[in-house]
Structures are given as C-alpha cells and as structure tokens.
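next come a sequence and a model predicted from it.
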There are 2 protein chains.
Amino acid sequence: MASQTEENYLKSLFNLANPHGEVNISDLANQMQVSMPTVNSMVKTLQKSGWLIYEKYKPVTLTAKGQKEAALIIRKHRLTEMFLVNKMGFGWEEVHEIAEQIEHIHAPKLFERMDEMMGYPTIDPHGSPIPDKQGRMQEINYLSLSKIKPLQTVILAALANSSTEFLEFLNSRNLSLGTELHVLSKEAYDQSIVVSYLNHPGETLSEKVCEKLLVRILDV
Amino acid sequence: MASQTEENYLKSLFNLANPHGEVNISDLANQMQVSMPTVNSMVKTLQKSGWLIYEKYKPVTLTAKGQKEAALIIRKHRLTEMFLVNKMGFGWEEVHEIAEQIEHIHAPKLFERMDEMMGYPTIDPHGSPIPDKQGRMQEINYLSLSKIKPLQTVILAALANSSTEFLEFLNSRNLSLGTELHVLSKEAYDQSIVVSYLNHPGETLSEKVCEKLLVRILDV
DNA sequence: GTATATTGTTAGACTCATCTAACATAATTG
DNA sequence: CAATTATGTTAGATGAGTCTAACAATATAC
C-alpha cells in the first residue's frame, strides 16, 4: 500500500504525463514542490514497488498498476468534491483543499456510499471526469472557448483550471457549468471574446479566461 | 500544529487520564501500541510544544492547551461518526475506523457543516458526549446496568465500550440506544441479568455485557 | 560542433517516529 | 527492609522523506 506521500507522487505523475505517458523529474519536482534529489530518490522507491518505470537520465512512466492506483485516488478526490458540493452545500471553490485530504482515507465503503447517494456521477463539480471503480477515466473532448468563432452558441461544460482564484472570478461573473453562452464577437488584437448569457447581455472575457473555459457546441 | 501522530498521543492521553489527569508511560505505550522508549521521546516532544507536563519517573499530565486540543480531535471523531450513521446510513459498528482517519482532517468548515446538518448533536452513535467548539465535554453520569436492581426499568443510553465485536453482539440481540429494558432478575452466582425489551421477553446478559451497558433509570 | 544551459544524479546530512538492548528508579512483597 | 518485580530512561540504530552542495549527462545555441 502506498503511503500518503507516495499517493501524492502517483497523482502528480498521472496528471503530468504527456501523450506518451512520460514525466520529467524536474516537472515532478516543481509540481510536488520538493527538490530534484528528493524526486530522484522517491522515483527509485516507487519503481521498487512497481508503480513506475525508471531509467537514469530518462523521463519516468507509470506502469498500468501505477496508473490504476493514481486514477483511484483521483476518483476519491472527485467523488469527495462532488459530495461536498451536492450533499453538503459547499461552493465549487471551497472543495479542493478538503478533497486533497480526504482522497487519502482508506475506507472503500465511504466512497461507495458517496457514489450511491449521488446516483453515480461521472463528472466532478469542475466538469472533470470521475474515474470508475476500475480506474478507467473517460476521455471527454471539450473545446476551449478560445477556439469558438463568433455567433456560435455553446454550453460551459468543464474547466481547464480549478484554482480558487479562477473559480471566484467565475462566481463574480455568474458563470457556472451548464450556462449557455452566445459568442457575440472576438477582438482580433487580444483574442478577447464578448459573450451574452443569462442576464449578462455583453460580458468580455480575456483570452486567458477563454482558454480555461471548456465548452461543447450546442446542437441547433 | 500537532502532527497526526502527536494528535493520536493527545487523544490517548485524554482518554487514559485518571481523575487527577495523570497518565502512566506504560499505559500510554500499551494504548498506542508502541514501545516505552518511543513514548518517552514523544512525551518530551509534546512537552516542548506545551501539550503536557512531564517530570522524570512521574506520570504525565495534559496542560489546558493539550486537553482542549485533544477534546477538539475527539469532537471531530464523534461528529464524523454521527454524520456517517445519521446522514450516510452506516451502522454504529462500521464508523469507528473511518472516523479514526477523518478526525485528522484540517477543515473547520467540513465539521461545522456536519454539525449544522445534524442539528448540533450532543452525543455520538454510541452515546458518548461530543465536546463543544471550545473543547468542553459535558459529564454525563450514567449508571452501569450491572448496578441496577431487579424490577427496575431503564433506558439504554450509552456504551462503556464500542468495539466492533460488542456492537455486533448488541445488533444480534436487537439492542440499540433508547431501548427500554425491564430488569427481571439477577443471578447471584455470576451476576448475570435477565431483561425483557421489545419482542425479547427474557434475554440473559452476562455481567461482562451489563458493565458496558450504560443506562438511565426511567422516571415513573 | 564546441560552449553553455538545462536537467538529472550522487553523497551526505537532518528530522520524525519508531525500534532493541542495557541500565536506573520506584513499587511490591515476603 | 532487602529482594524481586514493575516501570521508566538512555543510548544507539533504522527507514521515510526531505534538504544542500557538488558533480554528470543531455539538450540548446551560437
């Protein structure tokens, strides 16, 4: 069984993996906020337990076992976030820190019960997919709002970033998942977009914001 | 801030304290399932942080600060147990292990929300008092069923032991908190008691069991 | 294609929480 | 009250997870 520290490394490895599944030591050190020698020694430890493949001076790769373990931790995290929002009345900007701790609880029944009480949700409060009990995570191909052309109508479906600051920005603009957005225009100079939705007839969103808003195009 | 390990020592110290507030090193070692030298060094650490008073070869005593900290951890434990039973459908025999982990979560809002959702309960699923936000724990003077004379009627109010095995024994006998028990007779030889309740006209309970059943006498 | 910059590794040290072996003090008991 | 038993302490070691300083390999850039 992985320690809490090891679980955090597995989670970071899973999230940092490039399309080939590779992660650089320096990226992992940066993500984990520890020094590279620390990562180096931890990577050796994780390899000994069969969580990943490591060769000197090469990027590391999670094994199938490591990927599954990571996905199951992410599952606990996202189920917890959803439970906190749906069943306990928390705001989507409040749940990450709590879930970061609860994801390490060893109590299968607790998470099964959350899952059941919520009717087996497939996404978390930020639109990220919840891996299933086997650790399989569905790939959802959302579009970034920054790629949408004017006069199209889309639905806000997920976020590419779920930092407290970004979530509070979205709250201040009354933007939540499921909101129907009408793209009115796009500024060629800075790629900012003007959208209308609900009782906001013309809200300007910067490119930086649009990149983080994942949408699906509304079928007409 | 106390580490998770330190928190567990504080909790044990709180629970083991005799009426003078004293705890022996050996009792603490036994409770924590570690060696005496381990306790010895931890006790020095805890003293340095002001959680307890320690003098060589003497029993240790929690400071007011230590007592409050311990009570607040116990508060989180008991609120969690009550939440799991009342809001998530767990049995009273399933919740201890989970609460043992969740009590170390640092998230005041989580526990405040549990408290609020349950309407500010004062006891946990085993009848133990829940300390308040200031770490004050109410003293409840229950009687042990082993002290009750025949022909008296009592209400099962709490348990002096909440081990899974004991709770499963009580489940098998249909005994739960609030059950009205009529003491029919007491066997002088082994101190066992025959009680009637609900649809159990004559159930014999051993002295060992009676000692762990805390009751209050029903006003007639 | 060498020089420089970036990335990764090794060596050695530190803290925390634990252990065993050996020793010291306190409590109990004949 | 002396001997024995129980309880507590010291010393020194260990593994996990971290660090800094120094060094090595790879990648990038002129």
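Received the coordinates, thanks.

in chain A, which residue is closest to the centre?
Closest residue to the average C-alpha location of chain A: A:Ser128 at 5.2 Å, with CA atoms, centre = their mean.

give me the phi and psi for that one.
Phi and psi for A:Ser128, reported as degrees, to the nearest 10, are phi -80, psi 140.

my read: it touches A:Ala158, true?
Yes: with the criterion set as CB atoms under 8 Å, A:Ser128 and A:Ala158 qualify as a contacting pair; they are 6.3 Å apart. The way it works is simple: take the backbone N, C-alpha and C, and place the C-beta from them, glycine included.

ranges for the strands of chain A?
Taking DSSP state E as the criterion, chain A contains strands spanning A:22-23, A:52-53, A:60-62, A:143-144, A:153-159, A:180-186, A:193-197, A:200-205, A:213-217.

to B:Asn30, which of those strands lies closest?
Set against B:Asn30 and scored by CB to CB, the strands of chain A come closest in strand A:52-53, at 40.1 Å.

got a list of contacts for the closest one?
Defining contact as CB atoms under 8 Å, 6 or more residues apart in numbering or on different chains, one finds that strand A:52-53 is touched by A:Leu13, A:Val43, A:Leu46, A:Gln47, A:Val60, A:Thr61, A:Leu62, A:Thr63, A:Gly66.

burial measure for the second one, as a count.
Taking other CB atoms under 10 Å in any protein chain shown as the criterion, the count of residues near A:Val43 is 20.

wait, which of the contacts of strand A:52-53 is closest to A:Glu81?
The closest of these to A:Glu81 turns out to be A:Leu13 (CB to CB; 20.6 Å).

residues contacting the closest one?
A:Val23, A:Leu28, A:Leu52, A:Val60, A:Leu62, A:Gly66, A:Ala70.

got JSON lines for these, with neighbour count and pLDDT too?
Output for the contacts of A:Leu13, formatted as JSON lines (neighbours: other CB atoms under 10 Å in any protein chain shown; pLDDT from 0 to 100):
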{"residue": "A:Val23", "neighbour count": "24", "pLDDT": "97"}
{"residue": "A:Leu28", "neighbour count": "22", "pLDDT": "98"}
{"residue": "A:Leu52", "neighbour count": "22", "pLDDT": "97"}
{"residue": "A:Val60", "neighbour count": "24", "pLDDT": "97"}
{"residue": "A:Leu62", "neighbour count": "22", "pLDDT": "98"}
{"residue": "A:Gly66", "neighbour count": "25", "pLDDT": "98"}
{"residue": "A:Ala70", "neighbour count": "27", "pLDDT": "98"}
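
where exactly do the helices run in chain A?
For chain A, applying DSSP state H gives helices covering A:4-16, A:25-32, A:36-48, A:64-88, A:95-102, A:108-117, A:164-172, A:207-212.

of these, which is nearest A:Ile193?
Proximity of these to A:Ile193 was assessed by CB to CB; the nearest stretch is helix A:207-212, lying at 5.4 Å.

what helices or strands is that closest one leaning on?
The elements that helix A:207-212 packs onto, with contact taken as 3 or more CB pairs under 8 Å, 6 or more residues apart in numbering or on different chains; DSSP states H and E, are strand A:143-144, helix A:164-172.

any buried residues in that helix, and which?
For helix A:207-212, a neighbour-count test (16 or more other CB atoms under 10 Å in any protein chain shown) marks A:Glu207, A:Val209, A:Cys210, A:Glu211, A:Lys212 as buried.

hmm, the fourth one is touching A:Ser146, no?
By that I understand A:Glu211. Yes: A:Glu211 lies in contact with A:Ser146 (CB under 8 Å); the separation is 4.7 Å.

off-centre distance for stretch A:62-82?
On the basis of CA atoms, centre = their mean, to the nearest Å, the separation between the geometric centre of stretch A:62-82 and that of its chain is 12 Å.

quick one: that stretch near chain B?
No: Stretch A:62-82 stays clear of chain B (CB under 8 Å from any CB of the partner chain), getting no nearer than 10.1 Å.

now swap in stretch A:83-96 and tell me
Yes: figure legend: stretch A:83-96 in contact with chain B (CB under 8 Å from any CB); contacting residues A:Leu84, A:Met88, A:Gly89, A:Phe90, A:Glu94.

out of these, who's nearest B:Leu177?
Lowest distance from B:Leu177 to the residues of stretch A:83-96 next to chain B (CB to CB) belongs to A:Met88, with 25.2 Å.

nearest residue to that closest one other than its sequence neighbours?
Nearest in space to A:Met88, with sequence neighbours left out and distances taken as CB to CB, 6 or more residues apart in numbering or on different chains, is B:Arg113 at 5.2 Å.

what residues are up against the one you found?
With the criterion set at CB under 8 Å, 6+ apart, B:Arg113 makes contact with A:Met88, A:Gly89, A:Phe90.

so can I have CSV of these showing pLDDT and neighbour count?
As requested, the contacts of B:Arg113 are arranged in CSV below (pLDDT from 0 to 100; neighbours: other CB atoms under 10 Å in any protein chain shown):
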residue, pLDDT, neighbour count
A:Met88, 98, 18
A:Gly89, 98, 11
A:Phe90, 98, 19
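
ok, A:Glu97 to A:Glu81 distance?
Taken as CB to CB, to the nearest Å, the spacing of A:Glu97 relative to A:Glu81 amounts to 10 Å.

apart from its neighbours in sequence, what residue is nearest A:Ser146?
Using CB to CB, 6+ apart and skipping the chain neighbours, the partner closest in space to A:Ser146 is A:Cys210 (3.9 Å).

ignore what I typed, I meant A:Val23.
Beyond its immediate neighbours in the sequence, the residue positioned closest to A:Val23 (CB to CB, 6+ apart) is A:Leu16, lying 4.6 Å away.

for DNA strand D, what are the nearby residues on chain A?
Among all residues of chain A, those adjacent to DNA strand D (criterion: CB under 7 Å from any atom of the strand) are A:3-6, A:32-35, A:37-38, A:41-42, A:45, A:57.

can you tell me which two in those residues are farthest apart?
Among these, the pair separated by the greatest distance (CB to CB) is A:Gln4 and A:Tyr57, which sit 28.9 Å apart.

between the two, which has more neighbouring residues?
Using other CB under 10 Å, the more surrounded residue of A:Gln4 and A:Tyr57 is A:Gln4, with 10 against 5.

quick one, what contacts the nearest residue to that one once chain neighbours are set aside?
When the adjacent residues along the chain are set aside, A:Gln4 lies closest to A:His104, with 4.8 Å between them (CB to CB, 6+ apart). Taking CB under 8 Å, 6+ apart, we find A:His104 in contact with A:Gln4, A:Glu7, A:Ile73, A:Lys76.
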